[in-house]
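# sharing a model prediction with you, sequence too.
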Amino acid sequence: MKTTTCPECLESFSYEPKILFGHEVFTPAECPGCVTARHMATEKAEQQQEIDRRFGVWNRICPTIFHDTDPDRLPAELRPLADGWMSTDGTGLGFVGLTGKCKTRAAYLILRRYHFDGLRVKPMNATRFGQLCLEKFSDDAQTRGNAIQELQDLKTAKLILLDDVAKERFTERVASELFGLINDRTEWKRPILWTSNIDPAGLRQALGSDKGDPLIRRLREFTRIVKV
Ligand SMILES: [Zn+2]
């Protein structure tokens, strides 16, 4: 055993020297107590950094008006879902009902839980989705690249929100992109949250039956529709 002084706490401590080819190697720089304290401090700092990072990301993806939703003010059907719903088998949720029913607020509360559990989420509203479907074919390489990346993120995120489905009229391009997205996610059992002011019958009308039927079949099969 050798004894040395810890430069951190100035206490002396003993250790078993490791000798290699006649030279001492791996000489401890600090006493075991200080080493442990340093590791714990580093770990705590890293945890705090991760928490800060998650808040930073959340503030970027969640519009400010949805930051301080009071779950008690949600409709009774949505409250327990906002509070505790997690998909266990890839099945998602569809909130259908009139404007002002806090459908989007409830959906963001679910996204928030996923996000702070470390799972990647991506909210998307109908207007932006329509825009991406156009930008995907933009002449500008950066616009095109961003759109393709965002559409890809929608396919792979752990949970997505399609907000206000059928708010905009469906062009052929939007309908086909939406069908591809829903198809892709359901094949990988990745859940979808969606909200709409119109029910599946209305959706079918908005899409036309050739595009609408398979899409609605998928939504019905892979999301639990909650009317509010
Ligand atoms: Zn020490």
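Great, that's in hand.
# how far off centre is the strand or helix carrying residue 193?
Element membership of residue 193, judged by DSSP states H and E, is strand 192-196. Remark: strand 192-196 is offset 14 Å from the chain centroid, using C-alpha atoms, centre = their mean, to the nearest Å.
# what does stretch 107-118 rub up against?
Contacts made with stretch 107-118 from outside it, assessed by C-beta atoms under 8 Å, 6 or more residues apart in numbering, are listed as 54, 57-58, 61-62, 66, 69, 71, 74, 81-83, 85-86, 93, 95, 121, 123, 158-159, 161, 163, 193, 195. C-beta here means a position set from N, CA and C on the backbone, and glycine is covered the same way.
# what bridges to the residue nearest to the spatial centre of the chain?
For the chain, the residue whose C-alpha lies nearest the mean C-alpha position (C-alpha atoms, centre = their mean) is residue 121; its distance is 1.5 Å. When assigned by DSSP bridges, residue 121 has beta-bridge partners residue 159.
# and residue 34, how far is that from residue 50?
Plainly put, residue 34 is 25 Å away from residue 50 if you go by C-beta to C-beta, to the nearest Å.
# you'd agree residue 65 is in a helix?
Yes - looking at residue 65 with DSSP: H, G, I helix; E, B strand; the rest coil, it is inside a helix.
# count of neighbours near it?
By the measure other C-beta atoms under 10 Å, the count of residues near residue 65 is 10.
# buried residues, the helix or strand of the chain with the lowest mean pLDDT. List them.
Across the helices and strands of the chain, mean confidence by mean pLDDT, DSSP states H and E is lowest for helix 200-207: a mean of 77. By neighbour count, and taking 16 or more other C-beta atoms under 10 Å as the criterion, the buried residues in helix 200-207 are 200, 203-204, 206-207.
# between the helix or strand just after it and helix 200-207, how many degrees?
The C-terminal neighbour of helix 200-207 among helices and strands, as given by DSSP H and E, is helix 209-222. Put simply, helix 209-222 runs at 150 degrees to helix 200-207, going by axes from the mean of the first three to the mean of the last three C-alpha atoms, to 10 degrees.
# show residues contacting helix 209-222.
Contacts with helix 209-222, where a contact means C-beta under 8 Å, 6+ apart, come from 90-92, 94, 170, 175-176, 178-179, 182-183, 186, 191-192, 194, 200, 203-207, 225.
# is it possible to get CSV of the buried residues of helix 200-207 that adds distance to residue 110?
Converted to CSV, these look like this (distance: C-beta to C-beta, whole Å):
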residue, distance to residue 110
200, 21
203, 21
204, 26
206, 25
207, 25
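# who are the packing partners of the longest helix along the chain?
What stands out as the longest helix in the chain, according to DSSP state H, is helix 32-61. Using 3 or more C-beta pairs under 8 Å, 6 or more residues apart in numbering; DSSP states H and E, the elements in contact with helix 32-61 are helix 103-116, strand 121-125.
# how far away is residue 111 from residue 160?
Counting by C-beta to C-beta, the gap between residue 111 and residue 160 amounts to 9 Å.
# overlap in contacts of those two?
Common neighbours of residue 111 and residue 160 (criterion: C-beta under 8 Å, 6+ apart): 121, 123, 193.
# was I right about the first one contacting residue 154?
No - here residue 121 does not reach residue 154: they are 10.6 Å apart, not a contact under C-beta atoms under 8 Å.
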